[in-house]
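**Q** Pasting the sequence and the predicted coordinates here, then a few questions.
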Amino acid sequence: MKLRVGLIGLGEAWETRHRPALRALGDRLEVRAICDQVAHRAEQAALEFNAAAIDGFRALAQREDVDALLMLAEQWYGSLPILAACDAGKALYCAVTPHLEPAEALRLKHRVEESGIAFMAEFPRRQAPATLRLKELIATQLGDPRLLFCHRRVPVKDGPPPKVRQNTKAPEIRDLVELVDWCRYVVGRDPTSVFGIEHHVDSSASAEDYTMMNVDFSGPGPPGTGPVAQISCGTYMPVQWEEAVTFRPPPALQVACQKGIAFIDLPSTLIWFDRAGRHQESLDSERPVGEQLLAQFYRSVTSLVRNTSGLEDAYRALRVVLAARTSHLEARRIFLEA
């Protein structure tokens, strides 16, 4: 059975992840319609997949020859395509994290739940071979995580200074949500509190170039008695500084466990240490992460069991990121409700 899909937005991962995955899964996913805020780009992609270029996500969502929607880029319309999918009763694969206030995020979550559609949030770090191997080592060799250090350095593209760039928060929100979910997945439990710090380019509240959060997974005990993750995302380095961008990049994730320590470089390099010394693994996967994720979405839509686990994961991670922003503004640790 082929699942007929419509694409909403063609983001930065189109050439490297989504386009190759859709080509490889052509026996299961058939692209029928594409819309993008750049009409020429939509027309080019539509020509390649023998699909229709559509002017508007609402028209795309209502098409009878489309069974499911792939939201691959956040553009001017923000979270509106998610509501359009709910109205049309179409399953949704969401590769973006719209910038929402806490109350709005909760309403959106309830709307998806009430609609009855299948929903999957794209978290590629979870499916990376190095992450899956780390989970195995935690269970067999390294023991429970104690400290996690997770940093994302995002080169700033050529253009105006950060204080006048449009929608500067959107990429950072998406990165932070995925980093929080990654740490939550590795630890295997929900955080209980968060403390956030932001650095701003100037006095503008929308011009931060670095965000750091201390995420505590201590459970019922006092803060700092259980696993703690230090998560940061920086947009302080211009992309044209090529040498600086590639100079001594930090590991994507460093995890100190009860019996050893591990370092991950995505997608497939894992170096870990225990009493026996150093172990280095270069891991291969049968399929690229993009194919694995879309294949998982196909199974969730075509099965008889409705799957919305990704919705809960995305909401919980977004809630932590928004709480960290509140923590920065109020200069206090925010405790998270279960």
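**A** Cool, the structure landed. Numbering: from 1, shown residues only.

**Q** following the helix or strand bottoming out on mean pLDDT in the chain, which helix or strand comes up?
**A** Least confident helix or strand, the chain: helix 242-245 with a mean of 81, by mean pLDDT, DSSP states H and E. Next helix or strand after helix 242-245 toward the C-terminus (DSSP states H and E): strand 253-257.

**Q** That next one - which strands sit beside it in the sheet, and in what orientation?
**A** strand 145-153 (antiparallel), strand 261-265 (antiparallel) (DSSP bridges).

**Q** do you know which of these lies nearest residue 315?
**A** strand 145-153 (19.8 Å; Cβ to Cβ). Heads up, the C-betas are built off the backbone N, CA and C, glycines and all.

**Q** so how far is the very next helix or strand once past the closest one off the chain centroid?
**A** Scanning forward in sequence from strand 145-153 by DSSP H and E, the next helix or strand is helix 169-187. Helix 169-187 has its C-alpha centroid displaced from the chain centroid by 6 Å (Cα atoms, centre = their mean, to the nearest Å).

**Q** so what does helix 169-187 touch, helix or strand wise?
**A** helix 124-127, helix 129-137, strand 145-153, strand 208-216, strand 228-234, strand 253-257, helix 309-330 (3 or more Cβ pairs under 8 Å, 6 or more residues apart in numbering; DSSP states H and E).

**Q** now those as a markdown table including mean neighbour count and mean pLDDT?
**A** Below are the helices and strands packed on helix 169-187 laid out as a markdown table (neighbours: other Cβ atoms under 10 Å; pLDDT from 0 to 100):
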| stretch | mean neighbour count | mean pLDDT |
| --- | --- | --- |
| helix 124-127 | 20 | 90 |
| helix 129-137 | 18 | 94 |
| strand 145-153 | 19 | 93 |
| strand 208-216 | 22 | 90 |
| strand 228-234 | 21 | 93 |
| strand 253-257 | 21 | 97 |
| helix 309-330 | 20 | 90 |
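
**Q** out of these, nearest to residue 3?
**A** Short answer: helix 309-330, nearest of those by Cβ to Cβ, at 16.6 Å.

**Q** Contacts for the closest one next, please.
**A** Here helix 309-330 makes contact (Cβ atoms under 8 Å, 6 or more residues apart in numbering) with 94, 97, 100-102, 105-106, 109, 112-113, 119-121, 123, 173, 176-178, 180-181, 184, 190-191, 194-198, 211, 213, 215, 333-334, 336.

**Q** swap the cut-off to 6 Å and go again
**A** Taking contacts as Cβ atoms under 6 Å, 6 or more residues apart in numbering, the residues outside helix 309-330 that touch it are 102, 105, 109, 112, 119-121, 176-177, 180-181, 191, 194-198, 213, 334.

**Q** Contact partners for the closest residue to residue 324 other than its chain neighbours?
**A** Of all residues not flanking residue 324 in the chain, residue 196 sits nearest, at 3.0 Å (Cβ to Cβ, 6 or more residues apart in numbering). Going by Cβ under 6 Å, 6+ apart, residue 196 touches 213, 324, 327-328.
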